[in-house]
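Student: need coordinates for the following:
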Amino acid sequence: MGAFTMPSLGADMDEGTLQEWLVRPGERVRKGEAVAVVETAKSTIEVECFESGTVEELLVEPGTTVPVGTALALIVPFARAREARGEPEEPEEPEEPTPPLPQPHRAAPPSGTEAARAPAPNAARAHGHAEAGPLLRHLAERSGLDWAALHGSGPGGRVTRSDVERAAGGAARPPRVRATPLARRLAAELHVDLGSLRGTGKDGAVRAADVRSAAPGGATAPAPAHRASRPRTAEDRASAMRQAIAALMTRANRDIPHYYLSTNVDMAAAMDWLHEHNRRSPVGERLLPAALLLKAAACAAREVPELNGYWVDGGFVPGDGVHLGVAVSLRGGGLVAPALHNADTLDLRQLMAGLKDLVVRARTGRLRGSEVSAPTLTVTNLGDQGVETVYGVIYPPQVALVGFGRVGDRPSAVDGLLGVRPVVTATLSADHRATDGAVGARYLTAVDRLLQNPEQL
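Tutor: Reported below is the predicted structural model:
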């Protein structure tokens, strides 16, 4: 039995509030699927499952605030579930499992009290269906059904979940709208017809956010109640976020010996290439200068891996890829820095699309847990705010932060001639425990070189 726990979604997170379950007991989930929505001091985040399996039990009610590491649900991995049923190891089965192969030999019958508890060998097949796992049996018992009397519609007469639900609710019962428990409760409270909604959850399931959007007043519809100490208003939430950021940045400035470097990068070649690319591209595939800057930052991190990773337990741990954290300012104040995974391997159009997607989901509370807990290097770009130079504070446990200012025309001397050219100031804040100025200089030099050859990005 695997415990699905409240994850740590950043160095500044000690606890989280479970807002909504996106799964139900008995439901099959795959590794990486979102199973719950968690609210932290900074954002609302969709949390993924750590392994594939079947949800056995939900342990925490929505609206409950618990510390990091608290068990939220029990999930039975597929392999363990098969082992518990005495089935051989096999690939993950489809929703409608295939009938078991005929067995040439039967195991010796149980004896003693085990024999007394065991069902008759052919009790199930006498009613036209094959045996199934304990989860369906549990669902049938909970619904007050006689398992042996159920008719199986699956291959080989196997009873399926649909058979149990049909028997429990009656064959004439209209199709049940797929929705999370919190969405159903909110729909009843807000008098919203679930059948009229288009769900944004897994397999089209209606989520609480969908109900709130359809309710009169939209975003003003009530949210799940938190304990009294949790923020209840937008102002309280913004204040909590500022406190969380302040605590983390205070710790970063206190514990991390920063050093700072900067360089001015001539962007003439990059901007010429960008203008030509956008002239030839459809509107949806056009790029912003930020795409070039982020790609150069990611590729430079691959060349200088000493800056791409974490300082943990007194030593440097390199990242398993270049997962570029992108600082995103939120509409209500504060910021988050979700990750563009393997940013150095993305082409510019993929990176631009990923950046747009991250910004939208960050500002609508739809980030994934893996996106906020995995960045190996953070980039902050304040060029759209008119800032020329930004020196950031490292986000622990990372060891560096890259800053870009505005791409603007400045007087520049090229080949002994003074002219006006587009220039951006690139800065590096780095942890002196992990690297020194020579390593930082190599990184900024790599960024400069890459931006002089934009066609290679």
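Student: can you list the domains in the protein?
Tutor: With domains defined by automatic domain parsing, the chain comprises 2-77+176-220, 239-456.
Student: need the ones you listed in a markdown table (columns: mean neighbour count, mean pLDDT and distance to Ala149).
Tutor: Quick note: C-beta positions are derived from backbone N, CA and C, even for glycine. Shown next, in a markdown table, are the domains of the chain (neighbours: other CB atoms under 10 Å; pLDDT from 0 to 100; distance: least, CB to CB, whole Å):
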| stretch | mean neighbour count | mean pLDDT | distance to Ala149 |
| --- | --- | --- | --- |
| domain 2-77+176-220 | 18 | 84 | 20 |
| domain 239-456 | 18 | 94 | 43 |
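Student: I'd like those domains laid out as JSON lines, including distance to Ala167.
Tutor: Listed next are the domains of the chain as JSON lines, based on distance: least, CB to CB, whole Å:
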{"stretch": "domain 2-77+176-220", "distance to Ala167": "14"}
{"stretch": "domain 239-456", "distance to Ala167": "37"}
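Student: how about these, which one is nearest Thr160?
Tutor: Thr160 sits nearest to domain 2-77+176-220 of all the domains of the chain, at 11.9 Å, using CB to CB.
Student: what residue is smack in the middle of this structure?
Tutor: Of all residues in the chain, the one closest to the mean position by CA atoms, centre = their mean is Arg368, 1.8 Å from it.
Student: list the contacts of that one.
Tutor: 34, 45-48 (CB atoms under 8 Å, 6 or more residues apart in numbering).
Student: next step: these restricted to strands.
Tutor: 34, 45-48 (DSSP state E).
Student: quick check, nearest of these to Ala297?
Tutor: Nearest member of those to Ala297, counting by CB to CB, is Ile45, at 24.2 Å.
Student: excluding chain neighbours, what is closest to that closest one?
Tutor: Leu367 (4.9 Å; CB to CB, 6 or more residues apart in numbering).
Student: just to revisit the earlier point, just curious, which of the contacts of Arg368 is nearest to Leu382?
Tutor: Nearest to Leu382 among these, with distances taken as CB to CB, is Ile45, at 24.2 Å.
Student: name the next helix or strand downstream of the helix or strand where Phe316 lies, please.
Tutor: Taking DSSP states H and E as the definition, Phe316 sits inside strand 315-318. Sequence-wise, the next helix or strand downstream of strand 315-318 (DSSP H and E) is strand 324-326.
Student: now do the longest helix along the chain: distance to the chain's middle.
Tutor: When the chain is parsed with DSSP state H, its longest helix is helix 234-255. Offset of helix 234-255 from its chain centre (CA atoms, centre = their mean, to the nearest Å): 22 Å.
Student: just want the angle from that helix to strand 44-48.
Tutor: Per axes from the mean of the first three to the mean of the last three CA atoms, to 10 degrees, the angle that helix 234-255 makes with strand 44-48 is 70 degrees.
Student: what residues does helix 234-255 touch?
Tutor: 11-12, 40-42, 231, 330, 332-335, 393-396.
Student: can you pick out the most distant pair from these?
Tutor: Pro231 and Ile394 (27.1 Å).
Student: C-alpha coordinates for stretch 367-374, PDB please?
Tutor: Below are the C-alpha coordinates for stretch 367-374, written out as PDB (Å, rounded to 0.1, in the frame of the first residue of the first chain):
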ATOM      1  CA  LEU A 367       0.400  24.800 -12.200                       C
ATOM      2  CA  ARG A 368       1.600  21.200 -11.600                       C
ATOM      3  CA  GLY A 369       3.500  20.200  -8.600                       C
ATOM      4  CA  SER A 370       6.500  19.000 -10.700                       C
ATOM      5  CA  GLU A 371       6.700  22.500 -12.300                       C
ATOM      6  CA  VAL A 372       7.100  24.300  -9.000                       C
ATOM      7  CA  SER A 373       9.400  21.900  -7.200                       C
ATOM      8  CA  ALA A 374      11.900  21.000  -9.900                       C
END
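Student: picking that back up, closest to Pro411 among the contacts of Arg368?
Tutor: Of the contacts of Arg368, the one sitting nearest to Pro411 (CB to CB) turns out to be Ile45, at 45.6 Å.
Student: contacts only, for the closest one.
Tutor: Per CB under 8 Å, 6+ apart, neighbours of Ile45: 9, 37-39, 365, 367-369, 372.
Student: quick check: longest strand of the chain.
Tutor: strand 417-431.
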